[in-house]
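# Provided below are the primary sequence and the corresponding predicted coordinates.
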Amino acid sequence: MTNQPEGICTNTDTTSYSGYIHLPPHTLTNLSIPGISITQAYPINTFFWYFPARHHNGSSPLTIWMNGGPGGSSMIGLFQENGPCVVNPDSNSTSDNPWSWNEYVDMLYVEQPVQTGFSYDVLRNGTVDLVSGEIDVDVDVGEGGWDGVRQNETFLVGTLPSQDVGGTVNGTVNGGRALWVALQAWLGEFVEYPAAAAGEGDDRVSIWTESYGGRYGPAYTALFQEMNERIESGEVSTGKKIHLDTLGIINGCVDLLVQVPSFPEMAYNNTYGIEGINRTLYDRAMDNWGKPGGCRDMIVECRDAGELGDPLMYGDNETVNGICAEASEYCSREIKSLYTNTSGRGYYDIAHFSPDAALVPYFVGFLNRPWVQKALGVPVNYTMSSEAVGDSFDSTGDYPRNDPRGMIGDIGYLLDSGVKVAMVYGDRDYACPWRGGEDVSLLVEYAEAEKFRAAGYAEVQTKSSYVGGLVRQYGNFSFTRVFQAGHEVPFYQPETAYEIFNRAQFNWDIATGGVSLVENQDYGTEGPSSTWHIRNEVPESPEPTCYLLAMNSTCTDEQKERVLSGEAVVKDWVVVEDVEVQGSFSGDGDQLAQVPLGH
């Protein structure tokens, strides 16, 4: 089911296609493919938005973009990072993005796992409390029906996914299994994709992802490569090989056993000279990491249990799930949260105070405008993050777990299989700090691992007068530290991210874009072995902008109080100071809600 949303994020020279990949209940179960089949009693309706390359010659490679979470919408990437447009503060119009990644590459934004963003299992009428963040799909509307449920600026009604944790996948590997099946349909049947059924054009497929995508990316891409090999050998007769080209990971949390120590390190001792926690809290965090029975031991126990009781990560062993969920919760509460609970600084950017006005998600309002939803052909209201997906992953303790190779092992397997891997980390991010990402890169074992580790750091020349960061690269593997960038690197440094992306995609060196890796397969960067000596200036932190559709991440306590007391003046879901400005919210449901089912 496909729509062509004219005038949304496109111009007269370009177009886009949105739609759903529908998998009825038990589709994955009935495939009977070992390693792919999982219990699936719920429908999977996966939303996609496809943007052909602006310079389209019928032969452009394809990149699949996924945000993390788990449960984070890929519309974050589209509208806030690397898509063709950005949403303006009126939440009702857009501006072109000159650094869109679809200049020379077809971009496919996928909302996964199901119940993320516009993806849904079954549709339910529900309410959203913007203050608490609570979504209620079991609300009793009384005798008056939905006509008796009146919206206001912080209480909305609409159409939503079921919110049932049993209506989505329960872990990373199962997410990859579901996506492989969905992509088999899209890559083979979507007629607007030149390399689909007709078999024309460039059939290379890359996966770029972010945050929890540090787990999605390696696990999904490795699973796809395994399926390619099984199809090639004849072991699996159902399915089409996916010509994998590049895996890109932006500020990814790949392996907690390696990366957890980087959280207190980033909070206490970073290249910006910011002390987000004091020495006492730093020592407490490190003790909670390394003490007997602490976070490190709990992760090891989780992985040992998983190797014995659930090695393929189906999430169906309650003993393993309990051990791993306890490890995940402890490491978050006793280490990672020490900074977020006390610093007053940003989670995605340590240089900004919280709430961080840089990342106001105006696209949430835009994607809930009735005219936008009609153009996209979506039957469901938009939510930026799915609590159901997060809870489902939490129930199995997915975060500290490993698939059979481990996610770091998956990266090595992909490199040895000829897939390029680019790891890109902004150096102001706390959510997945760059030093932890660097540690991951140095632990990847593959044929050229020693040569990669021996390579030094070279400057990333974004343009003749600007150095965007530093990169270590040998052949097809690179790790880049991007200066002055938080979690969403393309948001903070769009030109640098654009250059890194295109250089990786088209086989050029990351540092200059002038060395062909096809002709120079033994290329390696030269320079210092560490970048720790490169220090940064702390930028000015912007003043908070209170956006009602993301109150908990954008509004101060004072602003929330003004909204709840009725003293705040609101325009386009933004709290404004000018009392003469008229609010755009009418209160009668015409600004946000889908028409509820049954109306």
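Ah, there it is. Numbering: from 1, shown residues only.
# now for the residue nearest to residue 399 when sequence neighbours are not counted, how many residues are close by?
Excluding its sequence neighbours, the residue lying closest to residue 399 (Cβ to Cβ, 6 or more residues apart in numbering) is residue 328, at 4.5 Å. Bear in mind the C-beta positions are built from the backbone N, C-alpha and C, glycine included. Neighbour count for residue 328, taken as other Cβ atoms under 10 Å: 23.
# where does the stretch 201-350 of the chain have low pLDDT?
For the stretch 201-350 of the chain, no stretch is flagged by pLDDT under 70.
# 80 instead, please
201 (pLDDT under 80).
# check which residues of the lengthiest helix in the chain are buried.
Using DSSP state H, we find that the single longest helix of the chain is helix 213-233. In terms of neighbour count (16 or more other Cβ atoms under 10 Å), helix 213-233 has its buried residues at 213-228, 230-231.
# just the pLDDT for the most centrally placed residue in the chain.
In the chain, the residue lying closest to the centroid (Cα atoms, centre = their mean) is residue 67, at 1.6 Å. Here the pLDDT value assigned to residue 67 is 98.
# need the contact list for residue 489.
By Cβ atoms under 8 Å, 6 or more residues apart in numbering, the contact set of residue 489 is 81, 250, 251, 424, 425, 426, 482, 496, 497.
# if you set the cut-off to 6 Å instead, what comes out?
Residue 489 sits next to 250, 424, 426, 482, 497 when contact means Cβ atoms under 6 Å, 6 or more residues apart in numbering.
# most neighbours among those residues, please name it.
Counting neighbours by other Cβ under 10 Å, the top entry in these is residue 250, with 35 neighbours.
# what are the contacting residues of the very next helix or strand once past the longest helix of the chain?
Per DSSP states H and E, helix 213-233 leads on to strand 243-252 as the next helix or strand towards the C-terminus. Applying Cβ under 6 Å, 6+ apart, the contact partners of strand 243-252 are 203-208, 210, 213-214, 217, 221, 225, 414, 419-426, 429, 432, 487, 489, 504-505.
# pLDDT weak spots in the stretch 1-150 of the chain?
Ranges of the stretch 1-150 of the chain meeting pLDDT under 80: 1, 7, 11-14, 56-59, 139-150.
# and the helices in it?
Applying DSSP state H, counting those that start in this stretch to the stretch 1-150 of the chain gives helices spanning 27-30, 75-77.
# out of the ones you listed, nearest to residue 518?
Closest to residue 518 of those, according to Cβ to Cβ: helix 75-77, at 28.3 Å.
# give me the below-cutoff pLDDT ranges for the stretch 351-500 of the chain.
463-465.
# buried residues, stretch 245-256. List them.
By neighbour count on 16+ other Cβ under 10 Å, the buried set for stretch 245-256 is 245, 246, 247, 248, 249, 250, 251, 252, 253, 254, 255, 256.
# mean confidence for stretch 519-532?
On average, stretch 519-532 scores 97.
# likewise for stretch 569-576?
So the average pLDDT for stretch 569-576 ends up being 93.
# which strand residues bridge the residue lying closest to residue 4 once chain neighbours are set aside?
Leaving aside its chain neighbours, residue 4 sits nearest to residue 17 (5.7 Å; criterion: Cβ to Cβ, 6+ apart). When assigned by DSSP bridges, residue 17 has beta-bridge partners residue 50.
# report the contact partners of residue 17.
Applying Cβ under 6 Å, 6+ apart, we find residue 17 in contact with 2, 4, 50, 192.
# which stretches of the stretch 251-400 of the chain form helices?
Secondary structure of the stretch 251-400 of the chain, counting by DSSP H, counting those that start in this stretch: helices at 256-259, 262-268, 279-290, 295-309, 318-331, 337-342, 363-367, 370-376, 387-395.
# who are the packing partners of the third one?
Pointing back at helix 279-290 there. helix 262-268, helix 295-309 (3 or more Cβ pairs under 6 Å, 6 or more residues apart in numbering; DSSP states H and E).
# tell me the most buried of those helices?
When you average the neighbours per residue for each of those (mean count of other Cβ atoms under 10 Å), helix 262-268 leads with a mean of 23.
# export the helices of the stretch 251-400 of the chain as CSV, with columns for distance to residue 167.
Output for those, formatted as CSV (distance: least, Cβ to Cβ, whole Å):
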stretch, distance to residue 167
helix 256-259, 27
helix 262-268, 32
helix 279-290, 35
helix 295-309, 24
helix 318-331, 18
helix 337-342, 29
helix 363-367, 21
helix 370-376, 21
helix 387-395, 7
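# what's the closest of those helices to residue 458?
Closest among the helices of the stretch 251-400 of the chain, using Cβ to Cβ: helix 262-268, at 22.9 Å.
# what sits up against the closest one?
By Cβ under 6 Å, 6+ apart, the list of residues contacting helix 262-268 reads 276, 277, 282, 285, 286, 335, 336, 339, 430, 433, 435, 436.
# quick check: nearest residue in space to the third one, chain neighbours excluded?
Leaving aside its chain neighbours, residue 282 sits nearest to residue 268 (4.1 Å; criterion: Cβ to Cβ, 6+ apart).
# also the fourth one?
Spatial nearest neighbour of residue 285, excluding adjacent residues (Cβ to Cβ, 6+ apart): residue 264 at 3.8 Å.
# from residue 407, how far off is the one you found?
22 Å (Cβ to Cβ, to the nearest Å).
# related to what we said a few turns ago, which one, of the helices and strands packed on helix 279-290, ends up nearest to residue 353?
helix 262-268 (14.4 Å).
# picking that back up, quick one: which of the contacts of residue 17 is most hemmed in?
Ranking the contacts of residue 17 using other Cβ under 10 Å puts residue 50 first, with 22 neighbours.
# so that residue makes contact with residue 108?
Yes: Residue 50 lies in contact with residue 108 (Cβ atoms under 6 Å); the separation is 5.0 Å.
# need the residues touching each of these two.
Listed contacts common to residue 50 and residue 108 are nil; contacts here mean Cβ under 6 Å, 6+ apart.
# end-to-end on stretch 341-361?
23 Å (Cα to Cα, to the nearest Å).
# now stretch 332-341
11 Å.
# before we move on, what about stretch 382-399?
Using Cα to Cα, the two ends of stretch 382-399 sit 25 Å apart.
# contacting residues around it?
70-73, 113, 115-116, 118, 163, 165, 168, 170-172, 315, 321, 324-325, 328, 361, 364, 367-368.
# now intersect these with the strands, please.
Nothing among the contacts of stretch 382-399 maps onto strands, per DSSP state E.
# ChimeraX command for the buried members of these?
Filtering the contacts of stretch 382-399 down to the buried ones (16+ other Cβ under 10 Å) takes a single ChimeraX command:
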select :70,71,72,73,113,115,116,118,163,165,168,170,171,172,315,321,324,325,328,361,364,367,368
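# is the nearest residue to residue 61 once chain neighbours are set aside in a bridge, and if so with what?
In space, and not counting its chain neighbours, residue 61 is closest to residue 204: 4.0 Å by Cβ to Cβ, 6+ apart. Beta-bridge partners for residue 204, by DSSP bridges, are residue 243.
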